[in-house]
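**Q** Dropping the sequence and predicted coords here.
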Amino acid sequence: MHHLELYVRDLERAHRFWGWLLAELGYEPHQEWDEGCSYHRGSTYLAFVQAPEGARELDRRDAGVNHVAFHAGSRSDVDRLTAALVEQGGTLLYPDRHPYAGGHDHYAAFCEDPDGLKVELVAG
């Protein structure tokens, strides 16, 4: 993948959430402009752009992107990131099945970003 661009309802809030998480995953700040910012790791980058006034709320179950998954290192890395996400105010999804919500052989955390996009942190 070359890049992924996500529109967000509150750029500053997205910058705080994603900036922290992406730094933990080895991404670095890349670009910043009035309506957006981006982070890169190697040749791949993620851009976050302020959605226009009146944009509808995201429902990840509609047609389109459902979630974004990242390699997150070891199981202990996933556990550390999960605890930190909750401390940062993130919403852990499927807590009753965590960390095996993706199946008994799939160690991962599922959470939501501030706009409701599902983020998956995968061990291994």
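**A** Okay, I see it.

**Q** Give me the pLDDT value at Glu87.
**A** pLDDT for Glu87: 86.

**Q** One more: Gly73?
**A** 97.

**Q** Make 39 the starting number, not 1.
**A** Sure, I'll start numbering at 39, so the last one becomes Gly111.

**Q** which residues does it contact?
**A** Ala161 (Cβ atoms under 8 Å, 6 or more residues apart in numbering). For the C-beta atoms, the positions are set from N, CA and C on the backbone; glycine is no exception.

**Q** What of Ser114?
**A** Contacts of Ser114 (Cβ under 8 Å, 6+ apart): none.

**Q** Just want the phi and psi numbers for it.
**A** Dihedral angles of Ser114 (phi, psi; degrees, to the nearest 10) stand at phi -70, psi -30.

**Q** Okay, strands next: where are they in the protein?
**A** 41-46, 66-71, 74-79, 82-88, 105-109, 129-130, 146-150, 156-160 (DSSP state E).

**Q** Adding distance to Arg99 and mean neighbour count, write the ones you listed out as JSON lines.
**A** Below are the strands of the chain laid out as JSON lines (distance: least, Cβ to Cβ, whole Å; neighbours: other Cβ atoms under 10 Å):
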{"stretch": "strand 41-46", "distance to Arg99": "17", "mean neighbour count": "16"}
{"stretch": "strand 66-71", "distance to Arg99": "30", "mean neighbour count": "12"}
{"stretch": "strand 74-79", "distance to Arg99": "26", "mean neighbour count": "19"}
{"stretch": "strand 82-88", "distance to Arg99": "21", "mean neighbour count": "18"}
{"stretch": "strand 105-109", "distance to Arg99": "11", "mean neighbour count": "14"}
{"stretch": "strand 129-130", "distance to Arg99": "16", "mean neighbour count": "15"}
{"stretch": "strand 146-150", "distance to Arg99": "12", "mean neighbour count": "22"}
{"stretch": "strand 156-160", "distance to Arg99": "10", "mean neighbour count": "19"}
